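Engineer: My questions are about this predicted structure, shown below with the sequence.
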Amino acid sequence: MIRIIETLIQGAVDTLFVFLILLLAKAVSDRTFLSAMRRTGAEDSPELTVDHQIEERSNLAVALRRCGLGIGFGLGLAGVVSGGVTRFTAGWDAVLDNTLEMLGYFAVLLVFFFVAQVVAERIVLSNVHNTQELHEGNDAVGFAEFGILVATGLIAYGSFHGEGGGWHTSVAFFAMGQVALVVFAMLYEWATPFNCLDEIRDGNAAAGLMLGGTLVTLGIILGFAISGPFTGWIEGIVGFAVSAAVGMVLLIPFQWLIDKAFLPNTTLKIEVERDRNIAACSVTVAAQVALAIMIGALVA
């Protein structure tokens, strides 16, 4: 009974610690949103806050960014704590040292997501002022950012997970993961039968869902690929490159097969470009995610 009580107390403390970190991440993200809106020349008002956009305007686009951050950050934290946390039985000095180490990884994780948002706005969604578009209710940008942030979390999970590395290996593999996401986004834009970025700029939520969902699928594969123990730079970089290449080579062609199998009476171009059919796109994305999980398990 005493052991069960100790486990419950330890679990409650660990969960509270992670919850507080998530709240801090939310506060930083919300502050970034407010600062970005001020740079557009908008006057200060409660309407500029994320909470107002979600609670009063029911702004799905803004909510999607917050959801992507929450899920992505949770995945990254899972990678940080996957090696275990120091228990109270080890003594307060050991618990304090472990807590400080986790806070250091938390700071690195915050930088990861700041970089991911910059990559999303400056490269993946070029010529789009993401924050302003979200404020105006562009759900397409919201879906795309959701996918980028969740994919970032999956890559962060793989970067922090496993033995033999440290923060330097986590940073290196995260950077390679971001490069892979950018390359894949470019390949996807080239391979799709519609202009994905133009559709997103125009507020086509179906196009945003397709891009965001497809980036999540690559994030799944990369997360699996880099989550193992670090055995050396050469082996790690080669393994990452092979996994990224396999994912890119398989995912785009298999999307065509998925469309034929799960959307037998239409085409993806019609459903995205003409009908803006989120329902049809969600079916395609779900099948892609299932495929990515299988590919990830094979390349891990």
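Structural biologist: In hand now; what should we look at?
Engineer: Helix or strand next in line after the helix or strand encompassing Lys26, which one?
Structural biologist: If you go by DSSP states H and E, Lys26 is part of helix 2-39. Per DSSP H and E, the first helix or strand lying C-terminal to helix 2-39 is helix 50-55.
Engineer: who does that following helix touch, helix- and strand-wise?
Structural biologist: On a contact count with 3 or more C-beta pairs under 8 Å, 6 or more residues apart in numbering; DSSP states H and E, helix 50-55 meets helix 2-39, helix 60-81. The C-beta positions use only the backbone N, C-alpha and C, and glycine is treated the same way.
Engineer: if we go to 7 Å?
Structural biologist: helix 60-81 (3 or more C-beta pairs under 7 Å, 6 or more residues apart in numbering; DSSP states H and E).
Engineer: on that earlier part again, distance between the helix holding Lys26 and the chain's centre?
Structural biologist: 18 Å (C-alpha atoms, centre = their mean, to the nearest Å).
Engineer: likewise stretch 239-249?
Structural biologist: The chain centre lies 18 Å from the centre of stretch 239-249; the measure is C-alpha atoms, centre = their mean.
Engineer: and that stretch, what's its mean pLDDT?
Structural biologist: For stretch 239-249, mean pLDDT rounds to 84.
Engineer: who's in contact with the spatially most central residue of the chain?
Structural biologist: Closest residue to the average C-alpha location of the chain: Val150 at 1.9 Å, with C-alpha atoms, centre = their mean. Applying C-beta atoms under 7 Å, 6 or more residues apart in numbering to Val150 gives the contacts 68, 71-72, 216, 219.
Engineer: Name the helix or strand for it, please.
Structural biologist: Per DSSP H and E, Val150 falls inside helix 139-160.
Engineer: Same check on Phe194?
Structural biologist: Using DSSP H and E, no helix or strand contains Phe194.
Engineer: burial measure for the closest residue to it other than its chain neighbours, as a count.
Structural biologist: Nearest residue to Phe194, sequence neighbours excluded (C-beta to C-beta, 6 or more residues apart in numbering): Glu273, at 4.4 Å. Around Glu273 there are 20 other residues, counting by other C-beta atoms under 10 Å.
Engineer: returning to that earlier point: what about the residue nearest to the centre of the chain, distance to Ile220?
Structural biologist: Going from Val150 to Ile220 by C-beta to C-beta, to the nearest Å gives 9 Å.
Engineer: Next: Ala180.
Structural biologist: Distance from Ala180 to Ile220, by C-beta to C-beta: 12 Å.
Engineer: Quick one: low-confidence residue ranges for the chain.
Structural biologist: Scanning the chain for pLDDT under 70 picks out the ranges 1-2, 6-7, 10-11, 83-95, 97-98, 162-166, 300.
Engineer: Report the contact partners of the closest residue in space to Ser29 that isn't next to it in sequence.
Structural biologist: Spatial nearest neighbour of Ser29, chain neighbours left out: Leu69 (5.4 Å); criterion: C-beta to C-beta, 6+ apart. Residues in contact with Leu69, defined by C-beta under 7 Å, 6+ apart, are 25, 29, 113, 149.
Engineer: Most neighbours among those, which one?
Structural biologist: Leu149 (30 neighbours).
Engineer: So for that one, what's the nearest residue that isn't a sequence neighbour?
Structural biologist: Gly68 (3.3 Å).
Engineer: what's around the one you found, how many residues?
Structural biologist: Count around Gly68 with other C-beta under 10 Å applied: 28.
Engineer: so it makes contact with Thr152?
Structural biologist: No. Under the criterion of C-beta atoms under 7 Å, Gly68 is not in contact with Thr152, lying 8.5 Å apart.
Engineer: What does Gly228 show for phi and psi?
Structural biologist: The phi/psi pair for Gly228 (degrees, to the nearest 10) reads phi -80, psi 180.
Engineer: Tell me the spacing between it and Val299.
Structural biologist: In terms of C-beta to C-beta, Gly228 sits 10 Å off from Val299.
Engineer: Thanks a lot, see you next time.
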